[in-house]
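Asker: Coordinates only, no sequence provided:
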């Protein structure tokens, strides 16, 4: 079997064996439909509600505020659409470097529903210009939805969620925050966080694919996006993904319990790779606020464009090294990263994203650096 080095954990992560162990009974003996009233159904229903309580506990939220979905994309679509449809938001404020789950949703609402759309300015390091956000909110005559991601999935920049939430509160705006890259990676206290919606996706922190959450603050009421049943307390029709929900809760439990040790190890890998890249490659540029307010598990680095460097992702793959040029959701597109274009727009650079997990090692980084020196 060919040994692969996986450095694209911002795209997805391997399933933790303990998570799979927790899920397995709900694939086999405990297979009941949670809506059924007999014992098989009741045990599946209990598993969902226990998972909801566990997720709420680890996010410091109330169980009634946690709704299970199929993924972060569905959660963001649901929150953004509901803010416009049910919460009377007529003006959406976002940024040009959001995940496409947000960008495509707000562009659709702008084009089809004629909802006003504004984008905040960006600082040179890729952070949101909070003065720009304040200015747009101050000048808006309509009720606003602010949708900004907690951590950018391509460059890793972290948003000050508390400051943005306070700004939104000042202008009576609804605040949706895409937290897909931070739930399971950072501690949350949603009881004290001024936010109306956040999202999560378990495959970003060693849980299963196909399950996400939407947190809806208890002080707001919205209508479902999907109809056809009374699942998720009448908020999301469709038979629940019981094994996935159990897996989400177990993955979040493990991530929360092991946060300090895992994050310390992963951050040390990030710093080591930054050091090695700097020492061995000239003319490189780290994208985003790499040494400041940034994810501890991600590096985005640009190399000078040459005949060799423009093939770097292809050659990494040939050598069984998994990395990316941006979001995995758009990796099949022929255009470059919309995030890098929005901040730097330099056609003479080739950007590569490396993202790490608790399973990665210094030895792997050494091997990657050695191979890249031969490639470029």
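Answerer: That came through fine. Bear in mind the structure is a predicted one, so any value in this text is a computation, not a measurement.
Asker: Tell me how far the residue nearest the centre of the chain lies from residue 62.
Answerer: Among the residues of the chain, residue 180 comes closest to the average C-alpha position under C-alpha atoms, centre = their mean, at 2.3 Å. Distance of residue 180 to residue 62, given as C-beta to C-beta, to the nearest Å: 21 Å. Every residue, glycine included, has its C-beta placed from N, CA and C.
Asker: ditto for residue 96
Answerer: Residue 96 is 34 Å from residue 62, where distance means C-beta to C-beta.
Asker: Then residue 211?
Answerer: 20 Å.
Asker: Among those two, which residue is more densely surrounded?
Answerer: Neighbours were counted for residue 211 and for residue 62 using other C-beta atoms under 10 Å; residue 211 has more, 26 against 16.
Asker: which non-adjacent residue is nearest that one?
Answerer: Using C-beta to C-beta, 6 or more residues apart in numbering and skipping the chain neighbours, the partner closest in space to residue 211 is residue 244 (3.3 Å).
Asker: Assess the claim that that neighbour and residue 213 are in contact.
Answerer: No: with contact defined as C-beta atoms under 8 Å, residue 244 does not reach residue 213; the gap is 10.9 Å.
Asker: Find the residues that touch each one of the two.
Answerer: Taking C-beta atoms under 8 Å, 6 or more residues apart in numbering as the contact rule, the neighbours common to residue 244 and residue 213 are residue 68.
Asker: Mind checking which of the two has more residues around it?
Answerer: With neighbours defined as other C-beta under 10 Å, residue 244 and residue 213 compare such that residue 213 has more, 31 against 23.
Asker: A strand includes that one, no?
Answerer: Yes: counting by DSSP: H, G, I helix; E, B strand; the rest coil, residue 213 is found in a strand.
Asker: how close does residue 33 sit to residue 81?
Answerer: On the measure of C-beta to C-beta, residue 33 and residue 81 end up 28 Å apart.
Asker: who's more crowded, the two?
Answerer: Using other C-beta under 10 Å, the more surrounded residue of residue 33 and residue 81 is residue 81, with 18 against 14.
Asker: Need the nearest residue in space to the more buried one, chain neighbours excluded.
Answerer: Here the residue nearest residue 81, using C-beta to C-beta, 6+ apart, is residue 225, at 6.1 Å.
Asker: Next, count neighbours for that neighbour.
Answerer: By other C-beta under 10 Å, neighbour count at residue 225 equals 19.
Asker: Same check on residue 9?
Answerer: When neighbours are counted by other C-beta under 10 Å, residue 9 comes out with 23.
Asker: and what of the one 5 residues further on?
Answerer: Using other C-beta under 10 Å, residue 14 has 13 neighbouring residues.
Asker: Do I have it right that it meets residue 359?
Answerer: Yes: judged on C-beta under 8 Å, residue 14 makes contact with residue 359 at a distance of 6.8 Å.
Asker: Next, show the common contact partners of these two.
Answerer: residue 6.
Asker: what about the residue nearest to the centre of the chain, is that helix, strand or coil?
Answerer: coil.
Asker: which residues touch the residue lying closest to it once chain neighbours are set aside?
Answerer: For residue 180, ignoring the flanking residues on the chain, the nearest one in space by C-beta to C-beta, 6+ apart is residue 72 at 3.9 Å. Residue 72 is in contact with 101, 178, 180, 199-201, 204, 212, counting by C-beta under 8 Å, 6+ apart.
Asker: Buried only: go through these for me.
Answerer: When those are checked for burial by 16 or more other C-beta atoms under 10 Å, the buried set is 101, 178, 180, 199-201, 204, 212.
Asker: Quick one: these as a markdown table, columns for distance to residue 313 and pLDDT too.
Answerer: As requested, the buried ones among the contacts of residue 72 are exported to a markdown table (distance: C-beta to C-beta, whole Å; pLDDT from 0 to 100):
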| residue | distance to residue 313 | pLDDT |
| --- | --- | --- |
| 101 | 23 | 96 |
| 178 | 25 | 98 |
| 180 | 23 | 98 |
| 199 | 28 | 98 |
| 200 | 28 | 98 |
| 201 | 24 | 98 |
| 204 | 21 | 98 |
| 212 | 28 | 98 |
